[in-house]
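S.K.: Let me see the structure of the following:
(chains A and B, ligands or ions: 1)
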Amino acid sequence: MDDKTKKELEKLALQIRMGVVEEIKARGFGHIGGSLSICDALAVLYGREMKIDPKNPQWPERDKLVCSKGHAGPAIYSVLAVKGYFPYEEIKTLNQPGTNFPSHCDKKKTIGVDMTTGSLGQGTSLAAGMALGDRLKGRDSRVFVIVGDGESNEGQVWEAFLFAAAKKLSNYVVLLDNNKKQLDGYVKDVLDTGDLAAKMKAFGFDTQAVDGNDIEAMAQALERTRQGGEKPYAIVMDTVKGKGIPDVEQTMANHSMNIDAEQCDKWLADLQKAYAAFGE
Amino acid sequence: MKIVYNGEKDSRAFKDILGTQLQALAEEDPDVIYLDADLMSCIGTAKWAMDSNQGINCGIAEANMAGVAAGLSASGFKPYIHSFGPFASRRCYDQVYLSAGYAGNPITVIGSDPGVCAAFNGGTHMPFEDMALYRAMPGSTVLDIADCNQLISVLKQVKDMDGVKYIRVGRKNCAKIYADGEEVPIGKGVTLREGKDAVVFATGILLHEALQAAETLAKEGIEITVVDMFTVKPLDAACVLQYARETGAVVTAENHNKIGGLYSAVCEVLASGEPVPVEYVAVEDVFGEVGPQDYLQKQFGLTAEHIVEKVKAAVARKK
Ligand SMILES: Cc1ncc(C[n+]2csc(CCOP(=O)(O)OP(=O)(O)O)c2C)c(N)n1
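M.R.: Residues are numbered from 1 along each chain as shown, chains lettered A, B, ... in the order given. Sure, this is the predicted structure:
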């Protein structure tokens, strides 16, 4: 990846983070930690890797994204807004009466959201069905599924992974957001999931473990998932819950936070500064 | 029973009660064991339960939690399990049904944030069908909680009861209805107000709405009976029949789909016993959505105003 592309993607990641803060600022609270940890992955996906057309969001041949940890909706809405699926201002209606932007991803409400999620675990099977469907229909499309490390407590997740490997769904790409935390605290204290990369490998996935908050590393890892073959792909992303906003990173209980507008403005100013530092 | 209702909210939130009462029960009885699915912080139990042998965090794996609880029950424990309503019902229904219900391993299931109480978590987290599911489980007890003191009383009563006990309860503050220390016996409707023109059987957050509706109606010369029918199963059939006979017009009010909950339960009794006009205040057969609770109550027709309308409709249908 050349330097220019890398810069573009890093800028996109900052824009996604700004959007997340704008959404939460308008409502006063939201699932900030798990939204921020996946912004870099989303930047590489929507900025480079995925075959998409924001003008034609239902294009059957497109690549699809299932955010199985559905509470990271704010991050998805932000990247879709930046990519022009709908007017940017609309995301500021997050969780207002009648909104098209609910806490959890909803494909019937939000243009560009490929699947409804929110009950943890279910997105993994949905994505497997979509990947199988694309293959049976002869479409050259991949399905990316973002799964939380806490979410992988769910048995359904492992049923879906068994299925994807057994059916050789090489167009099924798991991005496991290993941010080490779930709702009640650290994953290792709540329900230790052990070595997730080893588990994915044992389940028959082509597995890479990378720094999920590093644009370049993510780009490389995703490139590898283009090659098809006989195995589904897994990228176990080493990430930080709350990444990109030090105050949030350092808050222990950062799953869902109440945040006032003044605080958000400070964070927005910092993100804006980092964005400006890239120059034109 | 001492009623202290004046329309004001209790200073305590349901989640505070859950946190302290589950701890108190565990301290009193070494066989009490509390299991959660990564939502301890949401009901105020994390402080004690994360470091206690009587608190087990099962992670986000509700079906496994239900099965483990049933196994603990078979080993002599009295398990209380908790998750948000949809995950404490739909997500682990077969495990509760077979491993606990059918196999005869009694457990208590707490489903928090029923119906529109799920508010900002939105449609995926908004159970309008949990009572229908649990009512259809043989030998079950289904409770829709309206008040903090009622919750305290109920948490104690279910401990040594047989079968599967399902408690649906919010996490926020709710109107105060019962005096501190009151015991509210499971299986009995509680009459909170008497009037001859109609009876409203209400549960959960709709009980406060029903009492507000009663005030409005009284000003218009319509006197209604209001019953807290928090035990939706086994339903207090004698109470339903008595007030149906006395008033001749029945309205049910619940934060649930009209299918399978309180409305269904009351109609099942009245159809064979005392077929009088019945109207319902409940969610039409639709999915939930996101928003503030007050908005959602209006959106889904769950307010005092809706009860007033339905009472008038029921009264108008009287022979
Ligand atoms: C089936 C189910 N159970 C419980 C919840 C409530 N819940 C929402 S997010 C969450 C924690 C998720 O942890 P993780 O997957 O690690 O997400 P992240 O830390 O990346 O935000 C829980 C328990 C849910 N949405 N679905």
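
S.K.: Give the helix, strand or coil label for the closest residue to chain A within the stretch 151-300 of chain B.
M.R.: Of all residues in the stretch 151-300 of chain B, B:Val290 sits closest to chain A, at 3.7 Å by CB to the nearest CB. Glycine gets a C-beta too; all of them are placed from N, C-alpha and C. Assigned by DSSP: H, G, I helix; E, B strand; the rest coil, the conformation of B:Val290 is coil.

S.K.: how about it, what does it touch?
M.R.: Going by CB atoms under 8 Å, 6 or more residues apart in numbering or on different chains, B:Val290 touches A:95, A:99, A:102-103, B:119-123.

S.K.: Quick check: of those, which lies closest to A:Leu136?
M.R.: A:Leu136 has its nearest neighbour among those in B:Gly123, at 29.6 Å by CB to CB.

S.K.: wait, isn't the closest one in contact with A:Lys108?
M.R.: No: B:Gly123 is beyond contact range of A:Lys108, at 9.3 Å (criterion: CB atoms under 8 Å).

S.K.: next one: the longest helix along chain A to chain centre, how far?
M.R.: What stands out as the longest helix in chain A, according to DSSP state H, is helix A:3-27. Offset of helix A:3-27 from its chain centre (CA atoms, centre = their mean, to the nearest Å): 13 Å.

S.K.: How about it, which residues are buried there?
M.R.: Using 16 or more other CB atoms under 10 Å in any protein chain shown as the test for burial, helix A:3-27 gives A:8-27.

S.K.: Quick check: phi and psi on A:Lys188?
M.R.: In terms of degrees, to the nearest 10, the main-chain angles of A:Lys188 are phi -70, psi -20.

S.K.: and the nearest residue to it once chain neighbours are set aside, how many neighbours does it have?
M.R.: Leaving aside its sequence neighbours, A:Lys188 sits nearest to A:Lys180 (CB to CB, 6 or more residues apart in numbering or on different chains; 7.4 Å). By the measure other CB atoms under 10 Å in any protein chain shown, the count of residues near A:Lys180 is 17.

S.K.: where along the chain do the helices fall?
M.R.: All of this refers to chain A. Secondary structure of chain A by DSSP H: the helices cover A:3-27, A:33-36, A:39-44, A:73-82, A:122-136, A:155-166, A:187-190, A:196-202, A:215-224, A:246-249, A:261-276.

S.K.: meant chain B, my bad for not saying
M.R.: All helices of chain B, identified by DSSP H, fall at B:14-28, B:46-49, B:62-74, B:85-88, B:93-94, B:130-135, B:148-158, B:206-219, B:237-247, B:262-273, B:293-299, B:304-316.

S.K.: ok, and what's touching the first one?
M.R.: Same thing as helix B:14-28. Applying CB under 8 Å, 6+ apart, the contact partners of helix B:14-28 are B:32-34, B:42-45, B:47-49, B:52, B:54-55, B:80, B:82, B:110, B:112, B:145, B:148, B:151-152, B:155-156, B:159, B:169-174.

S.K.: How about the shortest one?
M.R.: With CB under 8 Å, 6+ apart as the test, helix B:93-94 has contacts from B:63, B:133.

S.K.: go on, the last one?
M.R.: Where contact means CB under 8 Å, 6+ apart, the residues beyond helix B:304-316 that reach it are B:197-198, B:200, B:202, B:206, B:209-210, B:212-213, B:216-217, B:222, B:224, B:249-251, B:253, B:277-281.

S.K.: Of all the residues in it, which ones are buried?
M.R.: By neighbour count on 16+ other CB under 10 Å, the buried set for helix B:304-316 is B:304-312, B:314-315.

S.K.: can you list contacts of stretch A:191-205?
M.R.: Residues outside stretch A:191-205 that contact it (CB under 8 Å, 6+ apart) are A:149, A:152-153, A:158, A:161-162, A:164-166, A:174, A:176, A:178, A:187, A:207-209, A:231-234, A:236, B:38, B:57-61.

S.K.: switch to 6 Å and redo it
M.R.: Contact partners of stretch A:191-205, identified using CB atoms under 6 Å, 6 or more residues apart in numbering or on different chains, comprise A:152-153, A:161, A:165, A:176, A:178, A:187, A:207, A:209, A:232, A:234, A:236, B:59.

S.K.: hang on, B:Ala244 packs against B:Thr252?
M.R.: No: applying CB atoms under 6 Å as the test, B:Ala244 and B:Thr252 come out as separate, 11.4 Å apart.

S.K.: out of these two, which sits in the more crowded spot?
M.R.: B:Thr252 (29 against 23).

S.K.: Redo the contacts of stretch A:191-205 as TSV? Include distance to A:Val248, neighbour count and pLDDT.
M.R.: Formatted as TSV, those follow (distance: CB to CB, whole Å; neighbours: other CB atoms under 10 Å in any protein chain shown; pLDDT from 0 to 100):
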residue	distance to A:Val248	neighbour count	pLDDT
A:Ser152	23	31	98
A:Asn153	23	27	98
A:Phe161	30	25	98
A:Ala165	35	22	98
A:Leu176	21	29	98
A:Asn178	18	22	98
A:Val187	18	24	98
A:Thr207	29	21	98
A:Ala209	24	20	98
A:Pro232	32	30	98
A:Ala234	27	30	98
A:Val236	22	26	98
B:Gly59	23	24	98
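
S.K.: Can you pick out the residue with more neighbours from B:Gly123 and A:Lys108?
M.R.: A direct count of neighbours by other CB under 10 Å for B:Gly123 and A:Lys108 places B:Gly123 higher, at 21 against 9.

S.K.: Could you check how far that one is from A:Pro102?
M.R.: Per CB to CB, to the nearest Å, B:Gly123 is found 7 Å from A:Pro102.

S.K.: what bridges to the residue in the stretch 51-200 of chain A that the ligand sits nearest to?
M.R.: Residue nearest to the ligand within the stretch 51-200 of chain A (CB to the nearest ligand atom): A:Gly148, separated by 1.9 Å. Beta-bridge pairing of A:Gly148 under DSSP bridges involves A:Asp177.
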